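[1] My questions are about this predicted structure, shown below with the sequence.
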Amino acid sequence: MASYLIKRILMLFPLMLGITLITFTVIHLAPGEPVEMQMAMNPKVGKDARERLRKFYGLDKPLSEQYVTWVGKLVRLDLGRSFSPDNRPVLDKIRERLPVTLSLNIIALLLEFGLAIPIGIMAATHRDTWLDKGITVFVFVGFAVPTFWLALLLMYLFGVKLNWLPISGLHSLGSDNFGVLHYLWDLAKHLVMPIMVASFGSLAGLSRYMRSSMLNVIGQDYITTARAKGLSERTVIYKHALRNALLPLITLLGFSIPGLIGGSVIFETIFAIPGMGQLFYQGAMSRDYPVVMGILVIGALLTLVGNLVADVTYALADPRIRQGG
Amino acid sequence: MAFKHSYFHAVFWQRFKRNQLAMAGACVVAALFLISLLAQVIAPYEPNSINAWQVLSPPSWQHWFGTDELGRDVLSRVIFGARISLKVGFVAVGIAVSIGTVVGLISGYYSGVVDAVMMRFVDIMLCFPAFFLILAVITVREPSIWNIMIVIGLTGWMGVARLVRAETLSIREMDYILAARCIGCSDARIIFRHILPNAISPVLVSASLGVAGAILTESALSFLGIGVLPPTPSWGNILTSGKDYIEFAWWLSLFPGLSILLTVLAYNLLGEGIRDALDPRVKR
């Protein structure tokens, strides 16, 4: 186990280097330079000012030097300053947005797993019945629904037709003056639709995964043994089968980490939620390169670490892997 | 060899035919091909002809899917939008499958350092949230249909690469590869003539699922206004105005969304059907 862990941790470094290289390359595919965006807006900017601005952002140096400087700062967690007029450090901007995205997605994730596991178990234990078929249809439709369209439909139904839920933002106007309970109730009402949309897409995939994992386990010999010795079906499924069927889900949990942090550009834009996805979208649209690079690189690095944590947890939970590696 | 191939195809077709859902998917896909091919003939109106007297009119006998904010016929725009979806789906997946197959073949055949380096590159690419990467590249370059197809392709090949590599690893050990090597075939000939045809069938599954994914991504990008730019109709950008007029015109949101849903569903069913037909372990 220790040698496996050390090997995996050592492997992180070249991968991290690769991530920074790709991020840097992607951003420098740009035909023009970021300052040109600002120039184009303002015809009064002369050649002098342009040079000063380029120097200010370090764009006058060769690319290799820019890369080294950027990585050097990155190691010290300095993501540079935003190109937008407020010129604030990117890290501050991310810090402000992260809690919103994180809490919203954690709720969504809990909902997904909380629903997908029982759905998957039901489909597997009622294999080939109408229940299983119904769930399969739901899963396929869930895969195929564009999330932004689902968001639109929900907005139309709950926001416009029924007028039950607010359709954008996190708070109503004047919510600062609400009492605590009223404030929370208001927030909860704003969160219902975004959370529904955020969890729906992955719900389909997860329950499908849970179903096949469960079917796989039910086919094993030890389940036959458990049944043969007269255990109730309930004990067989929930005590013997479930534990092993849940194992592969650990890996999926690792995969959902980038989503937790990055959020979703689409539903944050639609519902006007001030999270990471919206920050990234706005940054990309205004060619705010430090913001775009910062979120890309942080998202990718955290995914890398998340995958490692998932793999290690898996190894800890499953002795067969622990001893093999 | 010829006998073996036709036998394989016959068995495949027989198994596929029995899967009703997969057949339904295949029919919808075929219908979409026809619709986009004959868009000019089928569409009742010009997709871009503006009619100031019939702005945002609900579905009626003249306009089955209603009209949009400029009085354009939504049905005609949805029909022409099918072309874009089909094009994006196929070109993007074509790029992804080509890159993935070549990387997988080389990685699996040569193994060792080449394999390690390539697979680590795959790992790195998989760390990036795909939609963020696509968004970054498209906004940094110019939003255009070609850029979308290329970028979706360039960010979607990793799964195929892993799949083909795994197939190649097992095929490489077969006796007929040894035989080919003995009679002096070059590496390139072994890879493309002997390994590729035997490693390609699982790729069909990812290709079909990939078309579905590419169509979803394109519609999301167009919806955000950085994909297919108006006035060219695409299902995603019709939905953009659907969002703007959601309070008055539900039909602007409903029909293009249903088209996406149906198309993606069809490709997914097709892909799953191919998977089941190829897999000898699936009974029935």
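    That came through fine.

[2] Only C-alpha atoms from now on, for both contacts and neighbour counts.
    Fine.

[3] ok, how many other residues are close to residue 95?
    Picking chain A for this. When neighbours are counted by other CA atoms under 10 Å in any protein chain shown, A:Arg95 registers 11.

[4] That was the other one, I meant chain B.
    20.

[5] cool, and B:Leu70?
    With other CA under 10 Å as criterion, B:Leu70 counts 15.

[6] Chain B contacts on the stretch 51-200 of chain A?
    Residues of the stretch 51-200 of chain A lying near chain B by CA under 8 Å from any CA of the partner chain: A:Phe140, A:Val141, A:Phe143, A:Ala144, A:Val145, A:Pro146, A:Phe148, A:Trp149, A:Leu152, A:Leu153, A:Tyr156, A:Val160.

[7] ok, now which ones touch the second one?
    Going back to what we said before, that points to A:Val141. A:Val141 is in contact with B:Leu261, B:Leu265, counting by CA atoms under 8 Å, 6 or more residues apart in numbering or on different chains.

[8] let's see it at 10 Å
    Applying CA atoms under 10 Å, 6 or more residues apart in numbering or on different chains, we find A:Val141 in contact with A:Ile135, A:Gly201, A:Ala204, B:Leu261, B:Leu262, B:Val264, B:Leu265, B:Asn268.

[9] so can I have a markdown table of the residues you listed showing pLDDT, neighbour count and distance to B:Phe248?
    Listed next are the contacts of A:Val141 as a markdown table, based on pLDDT from 0 to 100; neighbours: other CA atoms under 10 Å in any protein chain shown; distance: CA to CA, whole Å:
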| residue | pLDDT | neighbour count | distance to B:Phe248 |
| --- | --- | --- | --- |
| A:Ile135 | 87 | 18 | 34 |
| A:Gly201 | 77 | 20 | 27 |
| A:Ala204 | 85 | 25 | 31 |
| B:Leu261 | 93 | 22 | 23 |
| B:Leu262 | 93 | 18 | 25 |
| B:Val264 | 92 | 29 | 27 |
| B:Leu265 | 92 | 23 | 28 |
| B:Asn268 | 90 | 28 | 33 |
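
[10] would you list every one of the helices in the stretch 101-250 of chain B?
    Assigned by DSSP state H, counting those that start in this stretch, the stretch 101-250 of chain B shows helices spanning B:112-127, B:130-140, B:145-154, B:158-171, B:175-182, B:187-189, B:196-199, B:201-223, B:235-244.

[11] Tabulate those (JSON lines), appending distance to chain A and mean pLDDT.
    Output for those, formatted as JSON lines (distance: least, CA to the nearest CA, whole Å; pLDDT from 0 to 100):
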{"stretch": "helix B:112-127", "distance to chain A": "5", "mean pLDDT": "91"}
{"stretch": "helix B:130-140", "distance to chain A": "5", "mean pLDDT": "86"}
{"stretch": "helix B:145-154", "distance to chain A": "11", "mean pLDDT": "90"}
{"stretch": "helix B:158-171", "distance to chain A": "14", "mean pLDDT": "91"}
{"stretch": "helix B:175-182", "distance to chain A": "30", "mean pLDDT": "90"}
{"stretch": "helix B:187-189", "distance to chain A": "29", "mean pLDDT": "90"}
{"stretch": "helix B:196-199", "distance to chain A": "25", "mean pLDDT": "86"}
{"stretch": "helix B:201-223", "distance to chain A": "6", "mean pLDDT": "89"}
{"stretch": "helix B:235-244", "distance to chain A": "7", "mean pLDDT": "86"}
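
[12] okay if I get these as TSV plus mean neighbour count?
    What follows is the helices of the stretch 101-250 of chain B, written out as TSV (neighbours: other CA atoms under 10 Å in any protein chain shown):
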stretch	mean neighbour count
helix B:112-127	17
helix B:130-140	21
helix B:145-154	22
helix B:158-171	22
helix B:175-182	13
helix B:187-189	13
helix B:196-199	16
helix B:201-223	24
helix B:235-244	24
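
[13] With distance to A:Glu112 as added columns, please give those in CSV.
    What follows is these, written out as CSV (distance: least, CA to CA, whole Å):
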stretch, distance to A:Glu112
helix B:112-127, 22
helix B:130-140, 21
helix B:145-154, 27
helix B:158-171, 24
helix B:175-182, 47
helix B:187-189, 47
helix B:196-199, 36
helix B:201-223, 21
helix B:235-244, 26
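
[14] A:Ser286 is nearest to which of those helices?
    helix B:130-140 (8.6 Å; CA to CA).

[15] Give me the buried positions along the helix or strand hosting A:Gly142.
    Element membership for A:Gly142 (DSSP states H and E) is helix A:130-144. For helix A:130-144, the neighbour count (16 or more other CA atoms under 10 Å in any protein chain shown) marks A:Leu131, A:Asp132, A:Ile135, A:Thr136, A:Val139, A:Phe140, A:Val141, A:Gly142, A:Phe143, A:Ala144 as buried.
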